[in-house]
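Colleague: can you look at this prediction? I've put the sequence above it.
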Amino acid sequence: MSLRPLAAALVAGAILTGCQTEEISVDSAADERGAQLFAERCSGCHTLSAASSQGSKPEGQVSGGERTNGPNFDTRKVAADDVLFAIRNGGFSGAIMPANVVVGDDAEAVADFLEKYSGREQETGDSSNDFGSGAVGN
């Protein structure tokens, strides 16, 4: 049995559950493209206010479950190279993040966007919703 249909179903489910109707808050058109791709492809598991993304972790849950609820990028600062590694390899710890959820220029746009907007709550000292620390992915 092939895992491709299962992986496609997981990605589709993440996309459907992650769709947000709130306004994306970014500085430029390039950032908006990265934010939109993040909202479409990553927000089912990852939180990032700049993309109006709340991930899938229930509000108030701050420990455990990160293998199915990706890191909160409001509190976790990441570098573009680390984001690209995680995208290509399905995260860092072999969890359920699908590899190559975005590719090519789209992956670059998401990586640049995350590098610029991730970790903003960490910079202000508000870590009340920190779902983990370290690298991108699970």
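Modeller: Thanks, I have the structure now. Predicted, not measured: the structure shown is a model, and the values here were computed from it. Numbering: from 1, shown residues only.

Colleague: any idea which element residue 39 lies in?
Modeller: Element membership of residue 39, judged by DSSP states H and E, is helix 29-41.

Colleague: helix or strand right after that helix?
Modeller: Counting by DSSP H and E, the next helix or strand C-terminal to helix 29-41 is strand 47-48.

Colleague: output the contacting helices and strands for the helix holding residue 39.
Modeller: Other helices and strands packing on helix 29-41, by 3 or more C-beta pairs under 8 Å, 6 or more residues apart in numbering; DSSP states H and E, are helix 4-18, helix 104-117. Where you see a C-beta, it was placed from the backbone N, CA and C, and this is true even at glycine.

Colleague: now do 6 Å
Modeller: If contacts are counted by 3 or more C-beta pairs under 6 Å, 6 or more residues apart in numbering; DSSP states H and E, helix 29-41 sits against helix 104-117.

Colleague: for the helix it packs on, buried residues please.
Modeller: 106, 107, 108, 109, 110, 111, 112, 113, 114, 115, 116, 117 (16 or more other C-beta atoms under 10 Å).

Colleague: which single one of the residues you listed is nearest to residue 70?
Modeller: Distance to residue 70, by C-beta to C-beta, is smallest for residue 114 among those, at 11.6 Å.
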